[in-house]
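[1] Below are the sequence and a predicted model for it; my questions follow.
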Amino acid sequence: MGSIFKPAAKTEEKQTEVRAPIVDKPFQADDIKRVWKDYAELRKDQVAEYHLLNQEIDIQKNEVIIYMTNPIEEPLLANMKAD
């Protein structure tokens with residue numbers, strides 16, 4: 001009975017963080033478009049996000065320009081931005 005009121009022993013959980021290697025080289029617009037398409041495929045189960053990601057994008061200097069068709073797409077994009 002005495003063990004019921006004792007706090008449980010904490011076990012350490014190991015978290016593994018996977019990071020892509022940082023490559024210090026310039027990239028081309030085609031590289032970005034290819035990776036963008038790959039990411040869109042990962043979001044295929046989210047129909048609205050998938051539709052947004054499959055729209056045409058423009059790349060100018062260091063910016064990716066996404067043309068939205070309605071205001072509902074903006075919060076969808078904001079939610080994906082960190083990914």
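    All right, it came through fine.
[2] for Leu77, what are its contacts?
    Residues near Leu77 by C-beta atoms under 8 Å, 6 or more residues apart in numbering: 52, 66, 68. Any C-beta I mention is one placed from the backbone N, CA and C, and that applies to glycine too.
[3] change it to 7 Å
    The contact partners of Leu77, by C-beta atoms under 7 Å, 6 or more residues apart in numbering, come to 52, 66.
[4] Just the buried residues of the strand or helix carrying it, please?
    If you go by DSSP states H and E, Leu77 is part of helix 73-80. By 16 or more other C-beta atoms under 10 Å, the buried positions in helix 73-80 come out as 73, 76.
[5] how far is it from where the chain is centred?
    The chain centre lies 11 Å from the centre of helix 73-80; the measure is C-alpha atoms, centre = their mean, to the nearest Å.
[6] again, but for stretch 66-83
    Distance, centroid of stretch 66-83 to centroid of chain: 12 Å (C-alpha atoms, centre = their mean).
[7] mind saving the C-alpha coords of it as CSV?
    The C-alpha trace of stretch 66-83 is given here as CSV (Å, rounded to 0.1, in the frame of the first residue of the first chain):
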residue,chain,number,x,y,z
ILE,A,66,2.9,31.3,-54.3
TYR,A,67,-0.2,32.6,-56.0
MET,A,68,-3.3,32.0,-53.9
THR,A,69,-6.8,31.6,-55.4
ASN,A,70,-8.7,32.5,-52.2
PRO,A,71,-8.1,33.9,-48.7
ILE,A,72,-8.7,30.5,-47.1
GLU,A,73,-5.3,29.3,-48.5
GLU,A,74,-3.3,31.9,-46.5
PRO,A,75,-3.8,30.2,-43.0
LEU,A,76,-3.2,26.8,-44.6
LEU,A,77,0.2,28.0,-45.9
ALA,A,78,1.0,29.7,-42.5
ASN,A,79,0.4,26.3,-40.8
MET,A,80,2.8,24.6,-43.2
LYS,A,81,5.4,27.3,-43.1
ALA,A,82,7.5,25.8,-40.4
ASP,A,83,7.6,22.4,-42.2
